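**Student:** coords please:
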Amino acid sequence: MFAEAIEEILKDKCTPAAVRAIEAGGSPAALWNAVADAGFLELLTPEDQGGAMLPLDELFPVLTTLGAYAMPVPLAQSIAARALLAGRADIPAGMLTLAPALRRTEDGRLTCPFVPFGVIADHVVAQDGDQILVLPAKDALRTSTGVHGSLVATMAWQATPETPRTTAAAGSLEEWGAALHAALLAGAMRRVFDMTLQYANDRSQFGKSIGKFQAIQHQISVMAEHVAAALISAEAAFQGDTRMPAALASAIAKSRTSEAAVLVASISHAVHGAIGVTEEYDLQLLTRRLHEWRTAHGSEAYWNRIVGQRVLESGQDRIVDFIRSASM
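**Tutor:** Here you go, the predicted structure:
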């Protein structure tokens, strides 16, 4: 229900033209206000606080829908941030995003590297040990990546700001960052697959659609396998009756989706040929996000080490037994 409702808004407000405009420095207000005014920021907020208290498994299709539309504002991050800050009376309004890491220097400065949507966010939610900090973006020095269309920025505060903080379980923000980006990746990959399959059926060469050629069929079949695996692994992170994605399931989800993102992007561009990299064609709006979200909150190399350590500690002889026990 919620996924269908937000898609109706995105069809009108999150068009490819709107995404390009925001990437080029245009105001995100129209899109942000549309989703905020519809109540989507409060999907995980308890009902007695005016929210929907949505179970995690019902949040998952909402996040994949955002990924499919190459969402250029931090709605997914804001939903998670408000869940992390639940119960506080002073949760700030506006766009919240999650910092992948926080570093302190000896002179008291704070740095959050490569913050998703750091260019446009109003506040950054960062984990500092067992505490969650809410840092005002207006006071930060923002350094963009320089990558075309990217809204990622490294953010630095010259002195430790007076900022709201709350206690949180160790690793809670990291788990949210991994799980929600896995869901965004899965949704974007599914959309990229649909576009690639449609193009292969529509594009003709030597009197027949290129999708009839065995070499193209093989590539699309491999792509389909990875998209399906990505969707399954991402969905597994949003199971159970907890209010937060499980640590191991989130690690596996981010590892698998990040690994698939590179292959899905490369096959889609190989099948599309030269048209796929043009500014006018919408494929690049999604494949650029595949590469960006792949590294957000840790790439597969980072999460593979964590999953591998858990495998070694489990004592399981076979990886399939480990996966079964981890998903129970």
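**Student:** looking just at contacts, which helices and strands does whichever strand or helix holds residue 32 meet?
**Tutor:** Assigned by DSSP states H and E, residue 32 falls within helix 29-37. Contact here means 3 or more CB pairs under 8 Å, 6 or more residues apart in numbering; DSSP states H and E; on that basis helix 29-37 packs against helix 2-13, helix 16-23. Where C-beta positions appear, they are placed from N, C-alpha and C, glycine not excepted.
**Student:** of all these, which lies closest to residue 247?
**Tutor:** In terms of CB to CB, the element of the helices and strands packed on helix 29-37 nearest to residue 247 is helix 2-13, at 25.3 Å.
**Student:** Name the residues that touch that closest one?
**Tutor:** 30-31, 34-35, 38, 40, 43, 52, 54, 58-59, 61-62, 64-66, 69, 71 (CB atoms under 8 Å, 6 or more residues apart in numbering).
**Student:** how about 6 Å then?
**Tutor:** The contact list for helix 2-13 (CB atoms under 6 Å, 6 or more residues apart in numbering) reads 31, 34, 40, 61, 62, 65, 69.
**Student:** So which of those residues is the closest to residue 137?
**Tutor:** The shortest approach to residue 137 among these belongs to residue 31, at 18.0 Å (CB to CB).
**Student:** Find the nearest non-adjacent residue to that closest one, please.
**Tutor:** Using CB to CB, 6 or more residues apart in numbering and skipping residues adjacent in sequence, the residue nearest residue 31 is residue 13, 4.8 Å away.
**Student:** Residue 129: neighbouring residues, count only.
**Tutor:** 10 (other CB atoms under 10 Å).
**Student:** sorry, that was for residue 143
**Tutor:** Residues near residue 143, counting by other CB under 10 Å: 16.
**Student:** Return the distance of residue 117 relative to residue 23.
**Tutor:** 11 Å (CB to CB, to the nearest Å).
**Student:** Repeat that for residue 273.
**Tutor:** Between residue 273 and residue 23 the computed distance is 24 Å (CB to CB).
**Student:** hmm, back to that, contact partners of the helix holding residue 32?
**Tutor:** Helix 29-37 has contacts (CB under 6 Å, 6+ apart) with 9, 13, 14, 73, 75.
**Student:** Just want the angle from it to helix 2-13.
**Tutor:** Interaxial angle, helix 29-37 versus helix 2-13 (axes from the mean of the first three to the mean of the last three CA atoms, to 10 degrees): 160 degrees.
**Student:** Which SSE is immediately downstream of the lowest-mean-pLDDT helix or strand in the chain?
**Tutor:** Counting by mean pLDDT, DSSP states H and E, the chain has its least confident helix or strand at strand 165-167, which shows a mean of 63. Following strand 165-167 in sequence order, the next helix or strand is helix 172-202 (DSSP H and E).
**Student:** Looking at the helix or strand just after that next one now, give me its mean pLDDT.
**Tutor:** Next in sequence after helix 172-202, counting helices and strands by DSSP H and E, comes strand 204-205. Computed over strand 204-205, the mean pLDDT rounds to 83.
**Student:** Identify all contacting residues around the helix or strand that strand 204-205 is followed by.
**Tutor:** Helices and strands here follow DSSP H and E; after strand 204-205, the next one along the chain is strand 208-209. Residues outside strand 208-209 that contact it (CB under 6 Å, 6+ apart): residue 201.
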